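>>> For reference, the sequence and a predicted model appear below.
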Amino acid sequence: MRCAEYCEVVANRPVATNQFEIEIHCPTVALHAQPGQFVQLRVQGGYEPLFSRPFSIFRRFSERGNFSIVYLVRGTFTQLLSHKHPGEKVFIVGPLGNRFVLPEPPSSVTHLLVAGGVGAPPLYLLAEEMVQAGVPGKNVIVVNGSRRHDLLVCQEHFAELGVRCFTVTEDGSLGIKGNVTDVLKSLHERGDLPRAGCQVYTCGPTAMLEAVAKFARKHHLPCQVSMETLMPCGLGVCLGCAVKVRSGDGYEYRRACVDGPIFDAGEVLWK
């Protein structure tokens, strides 16, 4: 089930440097959104900005019919969004796309969630679902990375779930200095990622996704990636979000908004 309607802003709060969590009243999304799915959002009427934007779903407040997204202010669209106040409205279409897939039963494997920057929110929703499904916290490993400590999001939320969380910053201002693959190599060397029972899920910048996919392929770990692409329509019409994937001995293009945004990392052709 999905909606396409104007929805009221409930809150719009800062969570990191130039990053905000906006909470929106939309019972359809709050009740039916799944981890990895997204909404297409238009910030105002008219033709400026012309296109809507996709945002991964972060939290669901089902009891009051609200959901939230996290966004980074870096252009006209997100500048306008950051100035939305409670009581004002935005246009929402969603939930859209596919979701991260869990094995059955989910408690049978170790789950490795690798986040980069604003790629953390959909992985938080996934981790929350795992914990609610009875997966022990020790079997959920989160590697949350960013360039600097003030750009990290979801830290306290992951901690509240009781999962194992490793923080990584490129400048060493918080947690481990380096990048997420440094932590993945360390976890593998310590034997924390059993080859016969480990699933990898990742969301973040494309370069990071490629690096995580390469690590997973090297160690024969199944890996699901959430592709960050432009999605002008979110409905599969404009073909602006094509992802190149393997097909037989060649390749084909799939639409991230309807065939994804979650893909098997082994299918994606990164170059």
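Arrived safely. Numbers count the residues shown, from 1 in each chain.

>>> Got the domain ranges for the protein?
If you go by automatic domain parsing, the domain ranges for the chain are 3-96, 106-222, 227-271.

>>> Could you export these as a markdown table, including mean pLDDT?
Output for those, formatted as a markdown table (pLDDT from 0 to 100):
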| stretch | mean pLDDT |
| --- | --- |
| domain 3-96 | 93 |
| domain 106-222 | 93 |
| domain 227-271 | 89 |
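
>>> May I have the beta-bridge partners of S226?
Note on S226: beta-bridge partners by DSSP bridges are C203, I262.

>>> Quickly note the distance from V15 to P121.
Separation of V15 from P121 (C-beta to C-beta, to the nearest Å): 10 Å. The C-beta positions use only the backbone N, C-alpha and C, and glycine is treated the same way.

>>> As a markdown table, the domains of the chain with mean neighbour count would be great.
Formatted as a markdown table, the domains of the chain follow (neighbours: other C-beta atoms under 10 Å):
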| stretch | mean neighbour count |
| --- | --- |
| domain 3-96 | 18 |
| domain 106-222 | 19 |
| domain 227-271 | 17 |
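
>>> Can you work out which residues contact both of V15 and P121?
Common neighbours of V15 and P121 (criterion: C-beta atoms under 8 Å, 6 or more residues apart in numbering): 70, 153.

>>> for this structure, which strand is longest?
The longest strand of the chain (DSSP state E) is strand 3-16.

>>> helices and strands around it, which ones?
strand 19-25, strand 89-96 (3 or more C-beta pairs under 8 Å, 6 or more residues apart in numbering; DSSP states H and E).

>>> Just give me the residue closest to the centre of this structure.
By C-alpha atoms, centre = their mean, the chain has its centre lying nearest to P122, at 3.3 Å.

>>> Go through the helices and strands packed on strand 3-16 and name the closest to T78.
T78 lies closest to strand 19-25 among the helices and strands packed on strand 3-16, at 8.4 Å (C-beta to C-beta).

>>> Redo the helices and strands packed on strand 3-16 as CSV? Include distance to S108.
Below are these laid out as CSV (distance: least, C-beta to C-beta, whole Å):
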stretch, distance to S108
strand 19-25, 33
strand 89-96, 27
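
>>> L80 is nearest to which of these?
Proximity to L80 (C-beta to C-beta) singles out strand 89-96 among these, at 9.6 Å.

>>> Just the C-alpha atoms of the next helix or strand after the closest one, please, in PDB.
Per DSSP states H and E, the first helix or strand lying C-terminal to strand 89-96 is strand 110-116. Extracted C-alpha coordinates of strand 110-116, given in PDB (Å, rounded to 0.1, in the frame of the first residue of the first chain):
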ATOM      1  CA  THR A 110      25.400 -13.000  12.000                       C
ATOM      2  CA  HIS A 111      24.200  -9.700  10.400                       C
ATOM      3  CA  LEU A 112      26.800  -7.100   9.400                       C
ATOM      4  CA  LEU A 113      25.400  -3.700   8.700                       C
ATOM      5  CA  VAL A 114      27.800  -1.200   7.100                       C
ATOM      6  CA  ALA A 115      26.700   2.500   7.000                       C
ATOM      7  CA  GLY A 116      28.400   5.600   5.600                       C
END
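
>>> Describe which strands strand 110-116 pairs with in its sheet and in which direction.
With DSSP bridges as the test, strand 110-116 pairs up with strand 140-146 (parallel), strand 198-203 (parallel).

>>> Quick check: next helix or strand after that strand?
Per DSSP H and E, the first helix or strand lying C-terminal to strand 110-116 is helix 120-132.

>>> what's the angle from that following helix to strand 198-203?
Orientation check (axes from the mean of the first three to the mean of the last three C-alpha atoms, to 10 degrees): helix 120-132 against strand 198-203 gives 150 degrees.

>>> by how many degrees do the host helix or strand of C165 and helix 120-132 diverge?
According to DSSP H and E, C165 maps onto strand 164-169. Here strand 164-169 runs at an angle of 170 degrees relative to helix 120-132 (the same axes, to 10 degrees).

>>> Leaving out the residues flanking it, which one is nearest to G236?
Among residues not flanking G236 along the chain, V258 sits closest, at 3.8 Å (C-beta to C-beta, 6 or more residues apart in numbering).

>>> right, and the one you found touches Q40 too?
No - applying C-beta atoms under 8 Å as the test, V258 and Q40 come out as separate, 11.7 Å apart.

>>> hey, what's in contact with both of the two?
Shared contacts of V258 and Q40, defined by C-beta under 8 Å, 6+ apart, comprise 96, 235.
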